[in-house]
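Asker: Turn this into a structure:
(2 chains)
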Amino acid sequence: MSDPSRVRFSWHRSAVRMLTTVVVMAAGLVVISTVVYLASGEVNRVDDAIFESVAGFTTTSLTVVDPEALPSWLLVWRALTQWLGGLGALVFALAVVPALGGQRRLSEVAGGRGRRVVLARRWSHTANRAVLTYSGFTVLVAAAYGAAGMGAFDAATFGLSTASTGGFANYRDSFAHFDSAAIVWVGAAAMSLAGVSVAGLVWLARGQVQALWRSTELKLYAGLILTSTVLVAAWTWTGTGGGADTVRESFFAVASSISTTGFRVNDWGQWVAAPQTLLLLLIGVGSMAGSAGGGFHLLRVIEILGIVRRELVLQLHPRAVVPVKVSGTVASDASLTRVHNFQILWVLAAASGVFGIASLGGDLLTAVSGSISALATAGPALGNLSGFADATVLAAPARGVVMALMFLGRLSIYPVVVVIGWGVGEVQRVRLR
Amino acid sequence: MTAAISAARQVRTAAKRAIRQVLVVRPWNVTSRVGFVVGLGLLFMVPGMLVATAVEWGSSTSDSEVALGLGAAATLAAGMLLVAFTRLDQDMPPASVFAAVAWTWIGSSFFGALPLWFSGELGSFDNALFESVSGYTATGSTVLSPIDGVGRGVLMWRQITQWYGGMGMVVLAVSVLPFLGVGGLSLISAEAPGPTSDRLAPRVSSTARRLWALYGGITAAVAVALMVAGLSLYDAVAHALTTASTGGFSPYDDSIGHFDSIAVEAVMIAAMLVGGASFTLHWRALSGNPRAYGRSSEFRTYLMVIAAAGLFASLLNWANDLSDLPNSIRNGIFNAATLGTSTGFGNASGANPGGDFAGWAPGAQALLLPLMVMGGMTGSTAGGLKVLRAQVMAKYMRSGLLRVKHPQVVARVKLGPQALSEPVLQRVAGLVALYALTAFAGTMVLSMLGHDLITSSSGAISALGNMGPALGDAGPASNYLVFTRPARGVLMGLMLIGRLEFFAIFLVVVSAYERTRRLARVRLRR
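Answerer: This next block holds a predicted model:
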């Protein structure tokens, strides 16, 4: 007789299987990349190779190698891991999550209401369009870099790591190496766009201003970039000399933070406290849902703001029915539950990260900022990790914690938790037999 | 000349119109009912002020009794005026409830600052107000420096403010209003920390009376225990007042470190844990059901979290060679208890420098942060997010994960025997989100005023959780003078918001907005 569980169609099996596939694929890519680094002979320690691979596929800009000492083919590989990581994140958000029963995601990821915003009827088509858009955007960014005066090789690699919100640079001092205003402007603009959801990019390309304007998330994203740039520029005006330089570098830092890319053009560890806190908050908040960027995602922030508003109104009018709206559509109870759960998971992961980094070597400031930054897959942080510092400032065990945080953050935490929980359950079951 | 007169007339009519508008619309909800509750709260403060005056009069080292007496007289006069010219109805709409609580706290803080200001020990009025707000909210952050050498009566008034604030002036006011119906219960729950306020008696006013009697009894017991541990009457009473209320003011610069006595610290740990535990539980246990403690999963979690954090922190400090094992454990447990109950005493002194957690291993400090966020149990005098909410959120998350795995599963979140419904869960989660957003906003504003990330984030969390000491520059060995004056104003607001669990303060603002908008709409219609 055949196994009855194989005969019956069961949702939970397919959900766990799908998530396991995602986690195993991510781990497999890391293994391949680790082998590449080790085989190249440029990276000698296994843990360094793993760290570099994880940082690559999670689109985090933390590195443990000296990029200026690497051969150019390895630099391409490094940028390519980030590009693939960004692509994986997009496919995961647009195809895997909706297929798991979160159908609402499809329209929400796209950012608005009604049929119009669905990229395609079937999720496989959606994924195809997303890949196309992402590739096209990468080519455009690379071309813009070239036009701004980068060499062809740099333009290609930086294009890959910008479009994916990765942040690996070919130089130790990242964008400061070029010393060119045009390149910094292009970089800041490209990073801002990289944090926009794929649907937003499609609308942008098609010139559908109405659709853009309808998305609360996009408006919030643009508003945040604008106000933060103004604030950061105002706060750093006297410290950095003022003028166009300050505005440009503030814009760059803001775009790099909110899109969780992590390119650097200056050392914001030297600034006063206010812009540091703001940039760290932006890193935590992160980009739009359905983009390659990481962080908490603005969509969830909007939902949480709606929940908070509802809570206040309910205290005054206990019997009121107060819907939580995103881009004009009412968010379902199920989606609000998911946001709450994600919020707790995020805080738990960040707090464990702070504890882990702090107890394995790292002061409290480095631990707090580094944990948030790694979980958001950004990279730049405060304390020892500020400025152009790379991850080698952390002790090897603390780097292990950072690695785990990046991995969790990129896969939006719960697949990893579910797979681990499922694995533990299976092991227990086997033992019981 | 005529132009000047007509301009003055115009100003007068405009002012009249504005006053009439405020009186008619009352954007801040200052209605007659609200004034009555505020007045009662003020009247209840007068005995405390008189006690402080008597202590000052009896002490030989200083004589600010006139200042303290003046403060008492002003409070008495204001309270009597308010009670005489206002009226309380039986029915209290939610907006009035929240306004009554918020204004009582703001009014009490203001009048509580008067004795401190008149005595001249704190200098400017804003410092006195900070001390008073920190007192009433049972926070325990101080701007009084140095504390040693200040008159005993002034110090005693600081302690008494915390004692009042621990249980709450509104609960006190409700205890003498036997005719209050449902409105009375919502008054208590709008003020008392925690999502539930259980009735201890069928009548609201007797519930309030029982709460205060229990509170007074616990305070007296702590004072006796401290005397047994070797403190003088003054020291024992002063510290009992701020321990039962989980406040954390001490009349000494070194706080508990002043005594450098393990016996005193042990008594304090026990007393803080009692203050941070639910008063409903205490009531049940004292009325012949001591098993109530063991049966409450919140109580078990509360003790376990504090013990685990304290022991882990001790081990980390010991492993980092910061002190020997017994001392590490002593300091670890004491500080975990003082932060886990949102009290905020310090036990560091010259003889025991390891009590200052600003010098601990970074990992051990990182363990204290969750304690600072979580705070004590619901229905206790402690601040913070409350253990119950943390528990509910953890269970909520587990059910959510289960649902990812098995989309068809019915995953109930159970607390004890009863399952919590989805709307209830979402409301708990909404409050947690509100807490997080306020903490982020506070951090941002404090760092805008020039404080580094660790100081401003821990300062905001500490003020919001009514803790007292923070990390960074504002550690237990420091005081809140490290914050700039505007930053201290922000911290005052955070303390009040945290003590009243957001709604009272926020809703006064929200309802003001609603009312002015309604007025604008009415005008448009005309």
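Asker: Sticking with A:Val184, tell me its helix or strand.
Answerer: helix A:181-194 (DSSP states H and E).
Asker: any idea how far whichever residue of the stretch 301-433 of chain A sits closest to chain B lies from A:Arg431?
Answerer: Here the residue of the stretch 301-433 of chain A nearest chain B is A:Ser359; by CB to the nearest CB that distance is 2.6 Å. Heads up, the C-betas are built off the backbone N, CA and C, glycines and all. Taking CB to CB, to the nearest Å as the criterion, A:Ser359 is separated from A:Arg431 by 31 Å.
Asker: out of these two, which sits in the busier spot?
Answerer: Using other CB atoms under 10 Å in any protein chain shown, the more surrounded residue of A:Ser359 and A:Arg431 is A:Ser359, with 24 against 7.
Asker: That one contacts B:Trp360, doesn't it?
Answerer: No. Assessed by CB atoms under 8 Å, A:Ser359 is found out of contact with B:Trp360, at 10.9 Å.
Asker: hey, what's in contact with both of those two?
Answerer: B:Leu316 (CB atoms under 8 Å, 6 or more residues apart in numbering or on different chains).
Asker: before we move on, the earlier item: separation between the residue of the stretch 301-433 of chain A closest to chain B and A:Val368?
Answerer: Counting by CB to CB, the gap from A:Ser359 to A:Val368 is 13 Å.
Asker: Find residues that contact each of these two.
Answerer: B:Ala366.
Asker: Over to A:Gly166: give its phi and psi.
Answerer: Reported as degrees, to the nearest 10, the phi and psi values for A:Gly166 are phi -80, psi -70.
Asker: Contacts only, for it.
Answerer: A:Gly56, A:Thr59, A:Thr60, A:Ser61, A:Ala79, A:Gln82, A:Trp83, A:Gly85, A:Gly86, A:Leu160, A:Thr261, A:Gly262.
Asker: Let me know the closest of the residues you listed to chain B.
Answerer: A:Gly262 (18.1 Å).
Asker: OK, now which residue of chain B is nearest to chain A?
Answerer: Counting by CB to the nearest CB, chain B gets nearest chain A through B:Gly363, at 2.6 Å.
Asker: what does the helix or strand encompassing A:Leu75 rub up against?
Answerer: According to DSSP H and E, A:Leu75 maps onto helix A:72-91. Contacts to helix A:72-91, defined as CB under 8 Å, 6+ apart, come from residues A:25-26, A:29, A:33, A:36-37, A:40, A:42, A:52-53, A:56-59, A:67, A:70, A:127, A:130-131, A:134, A:138, A:153, A:156-158, A:160-161, A:163-168, A:170, A:198, A:290-292, A:294, A:410.
Asker: center of chain B, which residue is that?
Answerer: B:Thr137 (3.0 Å; CA atoms, centre = their mean).
Asker: secondary structure class for the spatially most central residue of chain A?
Answerer: Geometric centre of chain A, nearest residue: A:Gly294, 1.7 Å, by CA atoms, centre = their mean. Judged by DSSP: H, G, I helix; E, B strand; the rest coil, the three-state class of A:Gly294 is coil.
Asker: now the one 10 residues further on
Answerer: Look at A:Ile304: counting by three-state DSSP, its state is helix.
Asker: again, but for the one 10 residues further on
Answerer: Taken by three-state DSSP, the conformation at A:Leu314 corresponds to helix.
Asker: Quick one: residues contacting it.
Answerer: Applying CB under 8 Å, 6+ apart, the residues near A:Leu314 are A:Ala320, A:Val322, B:Arg427.
Asker: Now do the same contact list for the second one.
Answerer: When the contact criterion is CB under 8 Å, 6+ apart, the partners of A:Val322 are A:Arg309, A:Arg310, A:Val313, A:Leu314.
Asker: one more time with 10 Å, if that's ok
Answerer: By CB atoms under 10 Å, 6 or more residues apart in numbering or on different chains, A:Val322 lies in contact with A:Gly306, A:Ile307, A:Arg309, A:Arg310, A:Glu311, A:Leu312, A:Val313, A:Leu314.
Asker: Now do the same for the last one: its pLDDT.
Answerer: Okay, so that is A:Leu314. A:Leu314 is assigned a predicted lDDT (pLDDT) of 84.
Asker: Distance check, it against B:Ala351.
Answerer: Counting by CB to CB, the gap from A:Leu314 to B:Ala351 is 53 Å.
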